[in-house]
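Chemist: have a look at this fold, sequence not included:
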DNA sequence: TAGATTGTTAATCGATTAACAATC
DNA sequence: TAGATTGTTAATCGATTAACAATC
């Protein structure tokens, strides 16, 4: 196959594949089939083969996929074969929690700067990063070549922060604030909204009368 | 229309509608059309009308939707017209951050218990909740009628926690750990994985040569 | 050679959008 | 009555799955 326009659904599965492949590699398993992959990830094997085939012929007929090779390929597709710098805006509890993931993201992405508008927060250390004032956002983004911004400020500030990020040349935003951000179409936005997640889960609670026996994940 | 099986995509949009409607109500706007809604939420008006029509005839032709009435209806659909108790498992930074949202979720959902396996954490206060040992999980869930569990423990513990939650009669899980949980099909699971979100965002970064000019959100 | 598994086409399924009669 | 907007049907678009020839 190779190319076509890739749907968002496909792109969102790639990191899931990558995570599992990293796991296999750690366990020194050299080869994996789409069937095994599908079983472990609750996905249809044909879908996995199709997803991967969009980007190239990574497997070998009769054998499966070489774990290390596929890791390399997916990392390249996701642009994770280079370090991508990330800015965290909002040094509250949530921001603090996310900054812990630097260790986990290790060689792929790195939160390299933290900002907060609240004066007493500025100058504090968060996991070896010093909280900077919002005024330095633009300059720091440009200096450090930061390409992704994470918004963990209160909803009332989120749009304003997004505007500044966009103005400073950011390319994508992960937004934890429960608001719909308005940005130019060139900016990629992902809403990581814990409150809507929880509320939609409530729909699937059993209520004695009408049963909602749906499939999972 | 009314009824049919409701797709997950529809259910996941309902909380977004609800959030915006609450906003309108606060601003004392009594009526809204699918067109206005669509514009503010970046959705197709026909889709919004169709989504709502699955559950009943909530609008009035020529007029639009009564904000208060629609709020009431959506809350009922999502089972948010009753308080739903939630358990938080994992009292680290992330768990701590999420417990702050109790104020925001206010009358709909409530985190009523927090657990951690790490002995020194037990007994500590987190936003007026006392951290309990994991051993009390089952009993507390049953006593408080907790129906949703949030997992914010390290990945290595996540499956174990999920097993205990399921055994204790939980109905749905919001999982922040970057692992695929294996649970019976009656349990509703939502993966709230910040690391895969970030990695899929990286795909959309511009790279000079091939342009990915996709739509947003 | 026999068994396994890919890459890909075709079939199916599902979700979004357009269009419009009904009606406030 | 004229204008606005719903609820719903039909059309379109897209994503998932099944099936299988190619081939290791």
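Modeler: That came through, no problem. Note that this is a predicted model, so its numbers are computed, not measured.
Chemist: near DNA strand C, which residues of chain A show up?
Modeler: Listed as neighbours of DNA strand C in chain A under the rule CB under 7 Å from any atom of the strand: A:1-2, A:33-35, A:45-46, A:49-50, A:52-53, A:57-65. In short, each C-beta sits where N, CA and C put it, glycine included.
Chemist: narrow those residues to those that are buried.
Modeler: Buried members of these, counted by 16 or more other CB atoms under 10 Å in any protein chain shown: A:33-34, A:49, A:52, A:59, A:64-65.
Chemist: could I get the full set of strands for chain A?
Modeler: A:31-32, A:59-60, A:64-66, A:84-89, A:109-116, A:125-126, A:129-133, A:148-151, A:172-175, A:188-191 (DSSP state E).
Chemist: wait, residue A:18 sits on residue A:81?
Modeler: No: using CB atoms under 8 Å, residue A:18 makes no contact with residue A:81, being 11.5 Å away.
Chemist: shared neighbours of those two, anything?
Modeler: Contact criterion CB atoms under 8 Å, 6 or more residues apart in numbering or on different chains; residues shared by residue A:18 and residue A:81: residue A:75.
Chemist: these two: which is more packed in?
Modeler: residue A:18 (21 against 13; other CB atoms under 10 Å in any protein chain shown).
Chemist: how about the contacts made by whatever residue of chain A ends up closest to DNA strand D?
Modeler: Distances between chain A and DNA strand D by CB to the nearest atom of the strand are smallest at residue A:62, namely 2.1 Å. Listed by CB under 8 Å, 6+ apart, residue A:62 has no contact partners.
Chemist: quick one, helices of chain A?
Modeler: In chain A, helices defined by DSSP state H lie at A:8-26, A:34-41, A:45-53, A:67-77, A:93-99, A:102-105, A:137-144, A:155-167, A:194-203, listed in chain order.
Chemist: the lowest-mean-pLDDT helix or strand in chain A vs chain B: in contact?
Modeler: Least confident helix or strand, chain A: helix A:102-105 with a mean of 83, by mean pLDDT, DSSP states H and E. Yes: using CB under 8 Å from any CB of the partner chain, helix A:102-105 comes into contact with chain B via A:104-105.
Chemist: ok, now stretch A:44-61?
Modeler: No: using CB under 8 Å from any CB, stretch A:44-61 never reaches chain B; the gap is at least 10.7 Å.
Chemist: how long is that stretch end to end?
Modeler: 18 Å (CA to CA, to the nearest Å).
Chemist: what of stretch A:174-193?
Modeler: Note: stretch A:174-193 ends 10 Å apart using CA to CA.
Chemist: chain center to that stretch, what's the gap?
Modeler: 13 Å (CA atoms, centre = their mean, to the nearest Å).
Chemist: DNA strand D contacts on chain A?
Modeler: Checking chain A against DNA strand D by CB under 7 Å from any atom of the strand, the hits are A:7-10, A:43-44, A:46-47, A:49-50, A:60-63.
Chemist: if we can go back for a sec, and the helices of chain A, which one's lowest on average pLDDT?
Modeler: Mean pLDDT across the helices of chain A is lowest at helix A:102-105; the value there is a mean of 83.
Chemist: give the buried residues for that helix.
Modeler: Of the residues in helix A:102-105, A:102, A:105 count as buried by neighbour count, 16+ other CB under 10 Å.
Chemist: wait, does stretch A:66-84 contact chain B?
Modeler: Yes: between stretch A:66-84 and chain B, judged by CB under 8 Å from any CB, the touching residues are A:77-80, A:84.
Chemist: chain center to that stretch, what's the gap?
Modeler: Relative to the centre of its chain, stretch A:66-84 is centred 15 Å away, using CA atoms, centre = their mean.
Chemist: can you list contacts of that stretch?
Modeler: By CB under 8 Å, 6+ apart, stretch A:66-84 touches A:14-15, A:17-18, A:21-22, A:24-25, A:29-32, A:52, A:55-56, A:58, A:60, A:107-110, A:147-148, B:199-200, B:202-203, B:205, B:207.
Chemist: quick one: buried residues of that stretch?
Modeler: Neighbour counts over stretch A:66-84 (16+ other CB under 10 Å) mark A:66-67, A:70-71, A:73-75, A:77-80, A:84 as buried.
Chemist: stretch A:103-120 now?
Modeler: A:105, A:108-109, A:111-117.
Chemist: before we move on, what about stretch A:15-33?
Modeler: By 16+ other CB under 10 Å, the buried positions in stretch A:15-33 come out as A:15-21, A:24, A:31-33.
Chemist: what's next to it, contact-wise?
Modeler: The list of residues contacting stretch A:15-33 from outside it, by CB under 8 Å, 6+ apart, reads A:37, A:40-41, A:45, A:48, A:51-52, A:63-68, A:70-71, A:74-75, A:78, A:80, B:178, B:180, B:195-196, B:199-200.
Chemist: now stretch A:105-118
Modeler: By CB under 8 Å, 6+ apart, stretch A:105-118 touches A:75, A:80, A:83-92, A:95, A:98-99, A:101-102, A:122, A:126, A:129-134, A:136-137, A:140-141, A:144, A:146, A:148, A:150, A:153, A:157, B:195, B:198-199, B:202.
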